[in-house]
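1. Dropping the sequence and predicted coords here.
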Amino acid sequence: MSLKETMPSFPSGAKLLGRKGVSGTGLMEGAFLLCAVSALVLFVFAPLCEVFWRAFTDSRGNWIAGANFVTYFSTPYLFSSFLNTLYVATVTALWSVTLAFGYAYAVCRTDMPLRSFFRHVVFLPLFAPTMMHGIGMVYLFGNKGLLTALGLRIGLYGPVGIILSEIVYTFPQAFLILLISLSTADFRLYEAAESLGAGSLRKFRTVTLPGVKYGLANAFIVSFILAFTDFGAPKVVGGNYNVLATDIYKQVIGQQNFSMGAAVGILLLLPAVAAFCIEQYMRRQQGGVINARAVPYRVRSHKMRDAVAFLYCSAVAFCIVGLLGVVAFAALVKVWPYTLSPTLDHFSFRYVAGNGLETYLNSIAVAAASAVAGTLFVFCAAYLFEKTRRFTPVRRVGRFLALLPLALPGLVIGLAYIFFFNRTAFPLPGGIVLPNPFRGLYGSAAILVLANVVHFLSVAFLTATTALRKLDDEFEQVGESLGVPFYRIFTAVTVPMCLPAIFEIALYFFVNAMVTISAVVFLYPPGFKLASVAIVNMTDAGDIAPAAAMSVLIVLTNIAVRAVFEGVTGSVRRRTAVWMRSEGV
Amino acid sequence: MSDAYLDIREISKRFGSFSALRNIAFSLAKGEFVCLLGPSGCGKTTLLRIVAGLESPDEGHVLLQGRDITRIPPAERRFGIVFQSYALFPNMTARKNIAYGLACRGMDAEATDARVREVLRLVHLEHLGDKYPAQMSGGQQQRVALARALAPSPEMLLLDEPLSALDAKVRAELRQEIRSLQKELGITTVMVTHDQEEALTMADRVVVMNEAELEQIGTPTQIYERPASVFVADFIGTINFIERGDRLEAIRPEHIRVLDAASRDGHPATIRSVEFRGPFYRMSLCQNEQLLVADVPAGRMEGWRPRENDAVRISIPEEFLMRYPVR
């Protein structure tokens, strides 16, 4: 506002230049925005519409309304898997949130030793494909499992195995949400409560719990959705216990019943939709809880509490590291658990289902391409939606579409892509038929990259948006008033200042592309299998040890990339520390 | 002192290498309102927190009616505390907030209800009992915080910059209200503030602190008219310092007498600048290279309109002159 008022006082030369520059950049801004939004419409919105369309039509494209759903809910065999999924997801979320709350509380609100170690070690499962948790369960509790041999029979294959694996999978995410939630408390509230005579229990009940209510609900929702839509763990330890994710796979890959697959896909979307409504409701209830003058929580010394917290965290960390450690160990011995002499044989991937090491290299190539393409697109799109000031409705649509994949399980994205990229033509109103220009992507490796970018788009987009919002909008306004086009500001100021966030986004894409199975299981071309797909094939064929070896390779790769990332961002941070600091003050 | 209600004895506190309090000692009589006044970082809040039990001193003791309470946790002290940020429980209505301390002390529902209503009336918020903190203005939230602190009938009321987050008008209003409430209840009160006007208008006695030490303790008049140190003189109100050899003389602007140039008293001076401030004129005067600030009541000007460069004569009455050794 104020800048516009001062505009007329600019020297006439600069003003002239400015005006010329503005109309030019205005057009360019519009063109870039249009590109970004069309890409989102084409690769997010249109494929999703295809899923809905298929769910309500038969294999020849005739409208059948809700017939698929009627069939689904009236076939006990199918309907039972819906109930199974609800059960598994609910139990997982309850356990995961309860365990993670204790863990986050210990990390955040106690003074136990090794806090930083405990804080970081639980993120290990995020570096592994979910099949790995299942494989670990098999090695411990399977028919020939270590603990089974010791007499601990838990009946792994079925709900027990799925729930245990999903708890490991969802624990880090629930932990992260609760950690953030617990670390934004106002210590003054505790002091006020104390001065009014409240004891520890009352303080916990009246100050701590209400403060993390929102975080608890969020952690529950996230854990529930992850467990509800996961494919990897049920595939390995599900046995004959059907869940929606494996159902889709069976309908589509096994029976080629795409129409029913689409219907199940829509059921898979339900919890995300419900979560969205619940979250909106809670946001309205929440109000301003933390004010600007909040004082950070201070941990008082309490030996007993610290000891309990340490024991608890040690136990949880032991289970998580142990589970993955068992897989690594089993991959390095001849025949678990009988012949424990070390060998690297399982890493040769000869004589097993899948294409061996080649799949691992394919995975790295796809993950790297996803990281580069995803980061480029996400950051540019976030910049356009966040920092330009024209075409507001277009930017709003773009933002919505960029957040939409948050609600889309990988399987639904995979399914949507099968439908969308397989189409020969799109019928347009007025009898025009548009041949599908993207058909060539189906059956190429590029579709895997595209699916990954869309699958992991929303979280990356939120990271980029958060980083961009921290930058002052006035950079763009100053640039505009000086007649510097926005792309110059973008490359000269915005990108260097957001470098840590950009690396974080690239890493997020890479790691997730390495471990994902759900979207790509439908999409990989015949000659281009991915490591995660190979793991599924190998466990299907009973080659558990090579599957374990492949999982280990994926985890090691992710850890190595993370280490490189820490090194690079560390040096960037040191180099930019000077202006970062002065900017922060 | 035998009649001391609260006795603060030689309190010292360090945070790492930073000394927050050094040998602070004073005492309060029952029903007294004492302000801890000083610039930020002088240790006044730390002292209040030690009295509250939220911090423990490295050395020294806090005695309440002769009983050592230094190591007693805040929950057992029965002190009401009001924070600058209000610190109201965001998930509870005003009524629930106020009832909190009563529930902690095991009061039954009926008595709690009556007491909450009584305290709400005391702070004039009968109509806002069912509102949440987020639905109230800053002034209203602070009243609720005050009510919450007073509800369990505490031994003492401790106020940590309770007014500094509020805008000027609400602050003045609440200042009077707190004071009259305090008098009505006869509750011994300690308030921390960095606002001298607040301290001078509200307190029975003011404790001026600077850099972890106690500079002066006295009534507002004593503090203003007889500052015990250069720091206090400079910190409270406006003052002129005149250096004379090894000592420093100080005089308040309203005590300098500005006379007609034709007058036979005083010494010649020139007006450098004049500001009209409503009830008085503030003049910047130059006498022998020395700049002095003088306030002249507008009512005493008798038609004279002072202008820059006017010649005047000034006299400094001996009885208002303060003398300090040069630092």
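-> Sure, I can see it.
2. measure the spatially closest residue to B:Ala94 that is not a sequence neighbour to B:Met136 for me?
-> Excluding its sequence neighbours, the residue lying closest to B:Ala94 (Cβ to Cβ, 6 or more residues apart in numbering or on different chains) is B:Val144, at 4.7 Å. Where you see a C-beta, it was placed from the backbone N, CA and C, and this is true even at glycine. Separation of B:Val144 from B:Met136 (Cβ to Cβ, to the nearest Å) stands at 7 Å.
3. do B:Pro154 as well
-> Distance, B:Pro154 to B:Met136, by Cβ to Cβ: 23 Å.
4. Between these two, which is the more surrounded one?
-> Using other Cβ atoms under 10 Å in any protein chain shown, the more surrounded residue of B:Pro154 and B:Met136 is B:Pro154, with 21 against 18.
5. ok, back up a step: how many other residues sit next to the residue nearest to B:Ala94?
-> By other Cβ under 10 Å, the residues close to B:Val144 number 27.
6. In the strand or helix carrying it, which residues are buried?
-> For B:Val144, the host element (DSSP states H and E) is helix B:138-150. Buried positions in helix B:138-150, judged by neighbour count with 16 or more other Cβ atoms under 10 Å in any protein chain shown: B:139-150.
7. Next: stretch A:197-213.
-> For stretch A:197-213, burial by neighbour count (16+ other Cβ under 10 Å) applies to A:197-198, A:202-203, A:206-208, A:211-213.
8. nearest to chain B, of those?
-> Comparing those against chain B with Cβ to the nearest Cβ places A:Gly197 closest, at 3.6 Å.
9. In terms of secondary structure, what does the longest helix seen in chain B contact?
-> Counting by DSSP state H, the longest helix found in chain B is helix B:168-185. Judged by 3 or more Cβ pairs under 8 Å, 6 or more residues apart in numbering or on different chains; DSSP states H and E, helix B:168-185 is in contact with strand B:33-37, helix B:138-150, helix B:196-202.
10. I'd like the ones you listed laid out as JSON lines, including distance to B:Gly60.
-> JSON lines is the format used below for the helices and strands packed on helix B:168-185 (distance: least, Cβ to Cβ, whole Å):
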{"stretch": "strand B:33-37", "distance to B:Gly60": "16"}
{"stretch": "helix B:138-150", "distance to B:Gly60": "25"}
{"stretch": "helix B:196-202", "distance to B:Gly60": "23"}
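11. Out of these, which gets nearest to A:Gly261?
-> Distance to A:Gly261, taken as Cβ to Cβ, is lowest for helix B:138-150 among those, at 55.9 Å.
12. Could you check the angle that closest one makes with helix B:168-185?
-> Between helix B:138-150 and helix B:168-185, the angle comes out at 20 degrees (axes from the mean of the first three to the mean of the last three Cα atoms, to 10 degrees).
13. Show the average pLDDT along the helix or strand following the helix holding B:Val144.
-> Note on helix B:138-150: by DSSP H and E, the next helix or strand toward the C-terminus is strand B:156-160. Mean pLDDT, strand B:156-160: 95.
14. which parts of strand B:156-160 are buried?
-> Across strand B:156-160, burial judged by 16+ other Cβ under 10 Å covers B:156-160.
15. Only C-alpha atoms, please: export it in PDB.
-> Below are the C-alpha coordinates for strand B:156-160, written out as PDB (Å, rounded to 0.1, in the frame of the first residue of the first chain):
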ATOM      1  CA  MET B 156      -0.500 -12.100  49.700                       C
ATOM      2  CA  LEU B 157      -1.000 -10.800  46.200                       C
ATOM      3  CA  LEU B 158       1.900 -10.800  43.800                       C
ATOM      4  CA  LEU B 159       1.600  -8.800  40.500                       C
ATOM      5  CA  ASP B 160       4.200  -9.200  37.800                       C
END
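16. Whichever strand or helix holds A:Glu50 - contacts with which helices or strands?
-> Using DSSP H and E, A:Glu50 sits in helix A:46-55. With contacts taken as 3+ Cβ pairs under 8 Å, 6+ apart, helix A:46-55 sits against helix A:258-286, helix A:410-422.
17. between the ones you listed, which one is nearest to B:Leu64?
-> In terms of Cβ to Cβ, the element of those nearest to B:Leu64 is helix A:258-286, at 40.8 Å.
18. Which elements pack onto that closest one?
-> Contacts defined by 3+ Cβ pairs under 8 Å, 6+ apart place helix A:258-286 against helix A:46-55, helix A:67-74, helix A:209-229, helix A:244-249, helix A:410-422.
19. Return the set of buried residues in it.
-> Residues A:258-269, A:271-272, A:275 are the ones in helix A:258-286 that count as buried (16+ other Cβ under 10 Å).
20. hang on, isn't A:Leu78 packed against A:Val70?
-> No - taking contacts as Cβ atoms under 8 Å, A:Leu78 lies outside contact range of A:Val70: 11.0 Å.
21. If you count surrounding residues, which of those two has more?
-> Using other Cβ under 10 Å as the criterion, A:Leu78 and A:Val70 rank with A:Leu78 on top: 19 against 12.
22. For the stretch 151-300 of chain B, what lies in contact range of chain A?
-> In this structure, the stretch 151-300 of chain B approaches chain A at residues B:152, B:165, judged by Cβ under 8 Å from any Cβ of the partner chain.
23. mind listing the helices for the stretch 151-300 of chain B?
-> Secondary structure of the stretch 151-300 of chain B by DSSP state H, counting those that start in this stretch: the helices cover B:168-185, B:196-202, B:220-225, B:230-235.
24. pretty sure A:Ile364 is touching A:Leu556, no?
-> No - judged on Cβ under 8 Å, A:Ile364 makes no contact with A:Leu556 at a distance of 11.7 Å.
25. ok, the two, which is more surrounded?
-> Taking neighbours as other Cβ under 10 Å, A:Ile364 and A:Leu556 compare with A:Ile364 leading, 19 against 12.
26. Please tell me how far the residue of the stretch 351-500 of chain A found nearest chain B sits from A:Arg399.
-> Nearest residue of the stretch 351-500 of chain A to chain B: A:Arg469, at 23.3 Å (Cβ to the nearest Cβ). Per Cβ to Cβ, A:Arg469 is found 12 Å from A:Arg399.
27. And the residue nearest the centre of chain B?
-> Geometric centre of chain B, nearest residue: B:Ala199, 2.4 Å, by Cα atoms, centre = their mean.
28. likewise chain A?
-> A:Phe456 (5.7 Å).
29. if I pick that one, what's in contact with it?
-> Going by Cβ atoms under 8 Å, 6 or more residues apart in numbering or on different chains, A:Phe456 touches A:370, A:374, A:405, A:508-509, A:512-513.
30. Likewise for A:Thr339?
-> Contacts of A:Thr339 (Cβ under 8 Å, 6+ apart): A:Val333.
31. can you pull up the bridge partners for it?
-> A:Val335 (DSSP bridges).
32. go on, B:Ser19?
-> Note on B:Ser19: beta-bridge partners by DSSP bridges are B:Arg14.
33. what number of residues lie near residue 325?
-> Just so you know, I chose chain A. A:Gly325, neighbours per other Cβ under 10 Å, totals 13.
34. The chain in question should be chain B.
-> 9.
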